[in-house]
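Student: Just a sequence and a predicted model for now, questions to come.
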Amino acid sequence: MTGGGSLRTSVDAGTGVAVLTLDRPERHNAIDLETAAQLTHAWRTFRHDDSVRAVVVTGAGDRAFCTGIDRSVEVPQPSSPYTVDDPLAAIGPKANDLWKPVIAAVNGMACGGAFYLLGEAEFLIAAEDATFFDPHTTYGMVSAYESMYMARRMPYGEAARMALMGTAERISARRAYEVGLVSEVTPPGGARAAAVRAAETIASCPTQAVQGTVRSLWTTRESSLAASLAQAPHLVTLGNAPQERQAELFGGRRSGDHRVR
């Protein structure tokens, strides 16, 4: 086990499987600037580590996989409506040119900025108590990057409903499986082990063939995703409520005021 602070990394040299664990359970594994930098470093390190042939990404504890950006993070923004300094832009494997297969093991809540990681994983395995939702609209923010990732993993209507309903509704693991977002549902606490088993199988195959297949699969969606993401900065800048209004809406949130579908 290596790493410290907010991200733990373990590598099984025998199987070729690495496990990345977001380790901020007291913050629902929300991503602060340190965690974002550690994720970027981990993916880029794996590019050069031939002992790693497949990766599992998960969250510590059973309450959350990840709840996106930590609300305490402050990132000054340029005045131009066509640019956004996004602290989560480089937290995913594909953003760091890693073409080794990545499996997400989802426990508890996965929402908002967590979709940067889920959107760049090859497939998702979720525990029965996992839920997926996008809080942006509730708090006066545009769901741009997140909904763009999800619209390529789910039927459009499901992605639109999740993005527009905000915190009022959560998608259950079972529903996520039904619409194709999740490939397997496990009993509570079982997602990580199931993801590791799948990763071990993949890692046992010739690595050049596996990485070529990952690249081939991604090619089918890469150009359209890149074109979509290029529109995100001005949509966010023009559509987001002022920071003060976002903080007001966030401060008035009510715990448990949602339904699970």
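Tutor: Yes, it's here.
Student: Can you pull up the most central residue in this protein?
Tutor: L117 (2.6 Å; CA atoms, centre = their mean).
Student: so that residue touches V57, yeah?
Tutor: Yes. Taking CB atoms under 8 Å as the definition, L117 is a contact partner of V57 at 5.9 Å. In short, each C-beta sits where N, CA and C put it, glycine included.
Student: Pull stretch 130-144 out as PDB, backbone CA atoms only.
Tutor: The C-alpha coordinates for stretch 130-144 follow below in PDB (Å, rounded to 0.1, in the frame of the first residue of the first chain):
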ATOM      1  CA  ALA A 130     -25.100   2.700  -4.400                       C
ATOM      2  CA  THR A 131     -27.000   5.700  -5.800                       C
ATOM      3  CA  PHE A 132     -26.200   8.100  -8.600                       C
ATOM      4  CA  PHE A 133     -27.400  11.700  -8.900                       C
ATOM      5  CA  ASP A 134     -26.300  15.100 -10.200                       C
ATOM      6  CA  PRO A 135     -26.800  18.000  -7.700                       C
ATOM      7  CA  HIS A 136     -25.800  20.900 -10.100                       C
ATOM      8  CA  THR A 137     -29.100  22.400 -11.000                       C
ATOM      9  CA  THR A 138     -30.400  22.400  -7.400                       C
ATOM     10  CA  TYR A 139     -27.500  24.600  -6.400                       C
ATOM     11  CA  GLY A 140     -27.700  27.000  -9.400                       C
ATOM     12  CA  MET A 141     -24.900  25.400 -11.500                       C
ATOM     13  CA  VAL A 142     -24.800  24.000 -15.100                       C
ATOM     14  CA  SER A 143     -24.200  20.300 -15.400                       C
ATOM     15  CA  ALA A 144     -22.000  20.400 -18.400                       C
END
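Student: chain center to that stretch, what's the gap?
Tutor: Averaged C-alpha coordinates place stretch 130-144 at 13 Å from its chain's average position (CA atoms, centre = their mean, to the nearest Å).
Student: what's the model's confidence in it, averaged?
Tutor: Here stretch 130-144 scores 92 as its mean pLDDT.
Student: ok so, going back, dump the residue contacts of the residue nearest to the centre of the chain.
Tutor: By CB atoms under 8 Å, 6 or more residues apart in numbering, L117 lies in contact with 39, 57, 66, 91-92, 104.
Student: and it, which of the three is it?
Tutor: helix (DSSP: H, G, I helix; E, B strand; the rest coil).
Student: Could I have the CA atoms of the least confident helix or strand in the chain by mean pLDDT written out in PDB?
Tutor: When the helices and strands of the chain are compared on mean pLDDT, DSSP states H and E, helix 243-251 comes out lowest with a mean of 78. Taking Å, rounded to 0.1, in the frame of the first residue of the first chain, the C-alpha atoms of helix 243-251 are listed here in PDB:
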ATOM      1  CA  GLN A 243     -21.000  32.100  -6.100                       C
ATOM      2  CA  GLU A 244     -22.900  33.800  -3.300                       C
ATOM      3  CA  ARG A 245     -26.200  32.400  -4.600                       C
ATOM      4  CA  GLN A 246     -24.700  28.900  -5.000                       C
ATOM      5  CA  ALA A 247     -23.500  29.100  -1.400                       C
ATOM      6  CA  GLU A 248     -26.900  30.200  -0.200                       C
ATOM      7  CA  LEU A 249     -28.700  27.300  -2.100                       C
ATOM      8  CA  PHE A 250     -26.100  24.800  -0.800                       C
ATOM      9  CA  GLY A 251     -26.400  26.100   2.800                       C
END
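Student: quick one: strands adjacent to the next helix or strand after it?
Tutor: Heading C-terminal from helix 243-251, the first helix or strand you meet, by DSSP states H and E, is strand 259-260. Strand 259-260 pairs in its sheet with strand 169-172 (parallel), by DSSP bridges.
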